[in-house]
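Q: Let me see the structure of the following:
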Amino acid sequence: MGSEVLSLSILPGPEFAGKDENLRDLGSGDHGCKHYSRRCKIRAPCCNEIFNCRHCHNEAKNSLEVDPLHRHDLPRHEVKTVICSLCGTEQNVQQICQSCGVCMGKYFCQKCKFFDDDVSKKQYHCHECGICRTGGKENFFHCNKCGCCYSKLIKDAHNCVERAMHHNCPVCLEYLFDTTKDITVLPCGHTIHLDCVQKMEHHSRYSCPVCSKSICDLSNLWGMIDQEVDATQMPEMYKDKMVWILCNDCGAIAEVHFHILAHKCLRCKSYNTRQIQGGPASSCSSSSGHRIAEAVR
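A: Below you'll find the model as predicted:
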């Protein structure tokens, strides 16, 4: 995730000029929540309650104990006031407390109303995304078509998908655009949580949950399936049966011999295919019944 630093070193106003500048670092690392280290709390504009951060608010207001009709997220850009964790003064959103002069967050974004003392995350504000992200602006670029920030390592190699992260993760259903978890871009261009991909691989699922394309090079697996298919002879009544298949990887449609284990794409040699017409109980090359079957894994 990423964004441009709007303010990291705002100095106290003239009323604090005579005070020890170390005062600004008083309490650094001692306040905050499990999400952020910061020396302030926010007043939620939606329910007028005080929380450590927007994630704390969203977790509390979207829990199972809350009436579904009352569940809601905090609109981050609408936060108007913050409360200093050291002196308790409620004030307009700003980096330096107007009462005690403490810095409420070493990283501060006025647009996102965001504070964080842990600047090792290399936070930055992306004007195109409209939110703060982490990882260092020098390491990311904003793709206008995808509508999000990606690592520069894939700038010339990724497949663009319109508003790629403006949807829920296809596995856990969490909204991806402002998630705090690591996200990966699949070869097909669809986005997903990195830990969700790892869980898929743990259960031997190697195709995109959105478009069914393979998420990695499976040529070794295809070779193993070749051996299994060759070693598994079909009964005499099925030897001449033909079916039509659609390849999930290259999109080719072909007529192939029916096999109980898998069907191989004639163009790209992938076994990530699905049967779209014909079957064991149908006549060869049937022209009816355009039924979509499950993909062969």
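Q: so Phe108 makes contact with Val119?
A: No: the pair Phe108 and Val119 does not pass the contact test of Cβ atoms under 8 Å, sitting 10.3 Å apart. In short, each C-beta sits where N, CA and C put it, glycine included.
Q: Pick out whichever of the two has more residues nearby.
A: Phe108 (26 against 13; other Cβ atoms under 10 Å).
Q: That one looks like it's in a strand, true?
A: Yes: Phe108 forms part of a strand when assessed by DSSP: H, G, I helix; E, B strand; the rest coil.
Q: What residues are bridge-paired with it?
A: Counting by DSSP bridges, Phe108 is bridged to Ser7, Phe115.
Q: For it, give its distance to Cys169.
A: With distances taken as Cβ to Cβ, to the nearest Å, Phe108 is found 29 Å from Cys169.
Q: cool, and Tyr206?
A: 17 Å.
Q: Please say which of the two ends up with more neighbours.
A: Cys169 (20 against 17).
Q: Now for that one: which residues touch it?
A: Tyr175, Leu176, Thr179, Thr191, Ile192, His193, Cys196 (Cβ atoms under 8 Å, 6 or more residues apart in numbering).
Q: Might you report the residue contacts of the residue lying closest to Asp25 once chain neighbours are set aside?
A: Nearest in space to Asp25, with sequence neighbours left out and distances taken as Cβ to Cβ, 6 or more residues apart in numbering, is Cys103 at 6.6 Å. By Cβ under 8 Å, 6+ apart, the contact list for Cys103 reads Ile10, Arg24, Asp25, Ser28, Arg39, Gln95, Ile96, Cys97.
Q: which residues touch the fourth one?
A: Translated: Ser28. By Cβ under 8 Å, 6+ apart, the contact list for Ser28 reads Ser37, Arg39, Cys103, Lys106, Asp117.
Q: If I look at it, what pLDDT would I see?
A: Ser28 is assigned a predicted lDDT (pLDDT) of 87.
Q: quick one, phi psi at the closest residue to Thr134 other than its chain neighbours?
A: Excluding the flanking residues, the one nearest Thr134 by Cβ to Cβ, 6+ apart is Lys121, at 4.2 Å. Phi and psi for Lys121, reported as degrees, to the nearest 10, are phi -70, psi -10.
Q: what about Lys121, neighbour count?
A: 15.
Q: repeat for the one 5 residues further on
A: In terms of burial, Cys126 registers 19 neighbours under the definition other Cβ under 10 Å.
Q: Name the SS class of the residue nearest to Arg54 when sequence neighbours are not counted, please.
A: Distances taken as Cβ to Cβ, 6+ apart place Leu74 nearest to Arg54, at 4.3 Å, with adjacent residues excluded. Assigned with three-state DSSP, Leu74 falls in the coil class.
Q: Let me see the contact set for Leu74.
A: Ile42, Ala44, Pro45, Cys46, Phe51, Arg54, His57, Asn58, Lys61.
Q: can you check His31 too?
A: His31 makes contact with Ser37, Arg38, Arg39, Cys40, Ser85, Leu86, according to Cβ under 8 Å, 6+ apart.
Q: Quick check, the third one in contact with Ile83.
A: No: Arg39 is beyond contact range of Ile83, at 10.1 Å (criterion: Cβ under 8 Å).
Q: These two: who's more crowded?
A: Remark: of Arg39 and Ile83, Arg39 carries more neighbours, 27 against 16, as counted by other Cβ under 10 Å.
Q: roughly how far apart are that one and Asp117?
A: Counting by Cβ to Cβ, the gap from Arg39 to Asp117 is 7 Å.
Q: which residues do those two both contact?
A: Ser28, Gly32, Gly105.
Q: Name the nearest residue to the second one, sequence neighbours excluded.
A: The shortest distance from Gly32 to any residue that is not its chain neighbour, by Cβ to Cβ, 6+ apart, is 4.6 Å, and that residue is Arg38.
Q: returning to that earlier point: pick the one among the contacts of Cys103 closest to Gly223.
A: Ser28 (56.5 Å; Cβ to Cβ).
Q: The closest one in helix, strand or coil?
A: For Ser28, the secondary structure call by three-state DSSP comes out as coil.
Q: Roughly how far does it sit from Arg39?
A: In this view, Ser28 and Arg39 are 7 Å apart by Cβ to Cβ.
Q: now do Lys61
A: Applying Cβ to Cβ to Lys61 and Arg39 gives a distance of 23 Å.
Q: now do Asp230
A: Distance from Asp230 to Arg39, by Cβ to Cβ: 68 Å.
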